[in-house]
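[1] no letters, just coordinates:
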């Protein structure tokens, strides 16, 4: 009789433990909410397109719309941790990179943002073919001035001229005043595009730089600038897209239809392509190399994909005519 009682007590204990385990293995409050809102009872009824909707964004991927900063920081982290030592040294030489409160990750104990990661990669590409010490540099469309900041922090340039639109020029002037020391800031000359004759009448430049702005100008304006580069510069570095995209999933066309139409009419390369198709991008590269050649006497001495973007290309040209 005692044996039966012990057996029954043991069985009851096992059932209790199993019931407790079953309770413990139920969905968490977080997943109860997910099942009510997104991964519902009828979520499997039609799996057409599910990998790009809220069902999969709760199962496998993070929603790009809700997690853009997380994806951006992941991109920055991956790029920063893959830098070679020469590029890491270039980055360390650039002080005051945190001015303006950029989105950063920490690598080697330092804050790193995407803008300056690109700057050191661009600078490394140029330096493999071209010396910069005591060089006179002209940049057309400098944004807020990160390329100027990177070059002056890494090389003893003679001068750095920036040609830009009035409002953008104000931003780069104030930014560079804040991040450069007095000696380097004194090397920078800011030229409003309305005063382009200052460049025409200046001494010859060792290098001209254009990064992601020719693609936003009219084809006629780009041609005028290329003619100016042909006349005044010994070398030219360019980094721009190889074409245009129309997929609204990439940016939501958030600036409106008119802005999309304007973008399709600008730049020397206006062919629409799948910018995440490797073969489509590669097929557009020869046209890129030709379109940005300043003149007949110029040679393209190097060109390559411009990381991290799939459809940006970079090229360095040298003026063989003098």
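    In hand now; what should we look at? Computed from a predicted structure; not experimentally measured.
[2] when you work out contacts or count neighbours from here on, use the C-alpha atoms and nothing else.
    Fine.
[3] wasn't residue 240 part of a helix?
    No - using DSSP: H, G, I helix; E, B strand; the rest coil, the assignment for residue 240 is strand, not a helix.
[4] could I get the contacting residues of the closest residue in space to it that isn't next to it in sequence?
    The shortest distance from residue 240 to any non-neighbouring residue, by Cα to Cα, 6 or more residues apart in numbering, is to residue 212 (4.7 Å). Applying Cα atoms under 8 Å, 6 or more residues apart in numbering to residue 212 gives the contacts 239-241.
[5] which one of the residues you listed is nearest residue 152?
    residue 239 (19.2 Å; Cα to Cα).
[6] quick one: residues in contact with stretch 119-135.
    Identification of contacts with stretch 119-135 by Cα under 8 Å, 6+ apart yields 87, 90-91, 146-147, 150-151, 155-159, 205-207, 237, 301, 306-307, 316.
[7] for the protein, give me the ranges with low pLDDT.
    1-24, 322 (pLDDT under 70).
[8] now the strands: where do they sit in it?
    105-107, 110-112, 136-140, 159-164, 188-192, 207-211, 235-241, 298-305, 312-319 (DSSP state E).
[9] so residue 245 makes contact with residue 274?
    Yes - applying Cα atoms under 8 Å, one finds residue 245 in contact with residue 274, separated by 6.5 Å.
[10] for this protein, what spans make up the helices?
    2-24, 29-37, 54-59, 68-81, 85-93, 114-127, 146-154, 166-179, 182-185, 197-200, 219-232, 257-264, 278-291 (DSSP state H).
[11] picking that back up, highest neighbour count among the contacts of residue 212?
    Sorting those by how many neighbours each has (other Cα atoms under 10 Å) puts residue 241 first, at 27 neighbours.
[12] now do the contacts for the residue nearest to that residue when sequence neighbours are not counted.
    Leaving aside its sequence neighbours, residue 241 sits nearest to residue 312 (Cα to Cα, 6+ apart; 4.2 Å). Contact analysis of residue 312 by Cα under 8 Å, 6+ apart lists 239-242, 305-306.
[13] including distance to residue 129, could these go into CSV?
    Formatted as CSV, the contacts of residue 312 follow (distance: Cα to Cα, whole Å):
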residue, distance to residue 129
239, 16
240, 19
241, 22
242, 22
305, 16
306, 16
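[14] and residue 205, bridged to which residues?
    Note on residue 205: beta-bridge partners by DSSP bridges are residue 233.
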